[in-house]
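In: Sequence first, predicted coordinates after that:
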Amino acid sequence: MNVRHWILRLAALLVPGPLRAEWLAEWRSELWYVLRRSNREALFFCLGAFRDALWLRRNSSPNPRQRLWLQSPLRTVLLLAVAAAVSTFFFFRSPCPRIIRAHFLMIAIALLTLPATTSLALGEYPTKRFRRWIFLGLKFTLIVPIVFCGTLDLAPIISSTGVQPHATLVGYVLAFRWALIDQRRRCPVCLRLLSNPTRIGQASQTFLEWYGTEFLCLKGHGLLHVPEIPTTYSTQRWQDLDPSWGSLFS
């Protein structure tokens, strides 16, 4: 077995088990046609299998109507509230010093660093819904005590290595980043996580046609189009569905 087939087999390890055999067979059959044109092109073709495998790993689901444990906005807020309450409880029971002013500085630095880790844009929507901003504000508000109290609760463990300030800053950046990514994957009407990801288009047609992933609201409120490579002319867009579509999702 040559190096190209070994690359495909390594990429297949990233594909979910139930889809692996069919995925590998499709890529091997496509490789046969590519080899007829150029051996050098075939190597780059095989390396592209890793990206496709990661997409399947991230978006495939054995049951498209499976309810994720954070799909409901109420459940998400309740989970964050419980985490904030637990971390705050242990914070006030610990003898750690109250370095509140320093943590406000950490929050400011984290917010300045955030654009380097993820886009701050939430996408284009035909209508503005105030509830989306309330939900995002609640997540950011609950994240602060979770990271603030949580890092101080773990201070006896991480302070011995002298990385507590760095751990706090990284915690804020990762938490705020999660809040934005989670917000971009929710329906602007019901605020539930979108599902049924479907890839549309091909990478070779990025500059001529739309290429990315389409998500569906299981309540029938609309579709979310997420470009594979965000640009100034191709951003995340929401498309409302007519109320008549609701009967197909009930």
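Out: Structure received.
In: Mind jotting down where the helices sit in the chain?
Out: Per DSSP state H, the chain has helices spanning 3-12, 17-35, 39-47, 49-59, 73-93, 100-113, 130-153, 155-158, 164-184. These are given in chain order.
In: With mean neighbour count as extra columns, can I get those in a markdown table?
Out: Where C-beta positions appear, they are placed from N, C-alpha and C, glycine not excepted. Formatted as a markdown table, the entries for the helices of the chain read as follows, by neighbours: other Cβ atoms under 10 Å:
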| stretch | mean neighbour count |
| --- | --- |
| helix 3-12 | 16 |
| helix 17-35 | 14 |
| helix 39-47 | 14 |
| helix 49-59 | 16 |
| helix 73-93 | 15 |
| helix 100-113 | 14 |
| helix 130-153 | 18 |
| helix 155-158 | 14 |
| helix 164-184 | 18 |
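In: With distance to Pro243 added, can I get those helices in CSV?
Out: Formatted as CSV, the helices of the chain follow (distance: least, Cβ to Cβ, whole Å):
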stretch, distance to Pro243
helix 3-12, 43
helix 17-35, 35
helix 39-47, 45
helix 49-59, 28
helix 73-93, 21
helix 100-113, 39
helix 130-153, 18
helix 155-158, 52
helix 164-184, 24
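In: closest one to Gly222 among those helices?
Out: Gly222 lies closest, by Cβ to Cβ, to one member of those: helix 130-153, at 13.2 Å.
In: From the chain's centroid, how far away is the closest one?
Out: Its chain's average C-alpha position is 18 Å from that of helix 130-153, according to Cα atoms, centre = their mean, to the nearest Å.
In: For that helix, output the C-alpha coordinates as PDB.
Out: Below are the C-alpha coordinates for helix 130-153, written out as PDB (Å, rounded to 0.1, in the frame of the first residue of the first chain):
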ATOM      1  CA  PHE A 130     -33.600  41.600  21.500                       C
ATOM      2  CA  ARG A 131     -33.800  38.200  23.200                       C
ATOM      3  CA  ARG A 132     -30.600  37.200  21.500                       C
ATOM      4  CA  TRP A 133     -28.700  40.000  23.200                       C
ATOM      5  CA  ILE A 134     -30.300  39.200  26.500                       C
ATOM      6  CA  PHE A 135     -29.200  35.600  26.200                       C
ATOM      7  CA  LEU A 136     -25.700  36.500  25.200                       C
ATOM      8  CA  GLY A 137     -25.500  39.000  28.100                       C
ATOM      9  CA  LEU A 138     -26.600  36.400  30.600                       C
ATOM     10  CA  LYS A 139     -23.900  34.000  29.400                       C
ATOM     11  CA  PHE A 140     -21.200  36.700  29.700                       C
ATOM     12  CA  THR A 141     -22.500  37.700  33.100                       C
ATOM     13  CA  LEU A 142     -22.400  34.100  34.500                       C
ATOM     14  CA  ILE A 143     -19.000  33.400  32.900                       C
ATOM     15  CA  VAL A 144     -17.300  36.100  35.000                       C
ATOM     16  CA  PRO A 145     -18.000  34.600  38.400                       C
ATOM     17  CA  ILE A 146     -17.300  31.100  37.100                       C
ATOM     18  CA  VAL A 147     -13.800  32.000  35.900                       C
ATOM     19  CA  PHE A 148     -13.200  34.500  38.700                       C
ATOM     20  CA  CYS A 149     -14.100  32.200  41.600                       C
ATOM     21  CA  GLY A 150     -13.100  29.000  39.900                       C
ATOM     22  CA  THR A 151      -9.500  30.100  39.400                       C
ATOM     23  CA  LEU A 152      -9.200  31.300  43.000                       C
ATOM     24  CA  ASP A 153     -10.800  28.000  44.200                       C
END
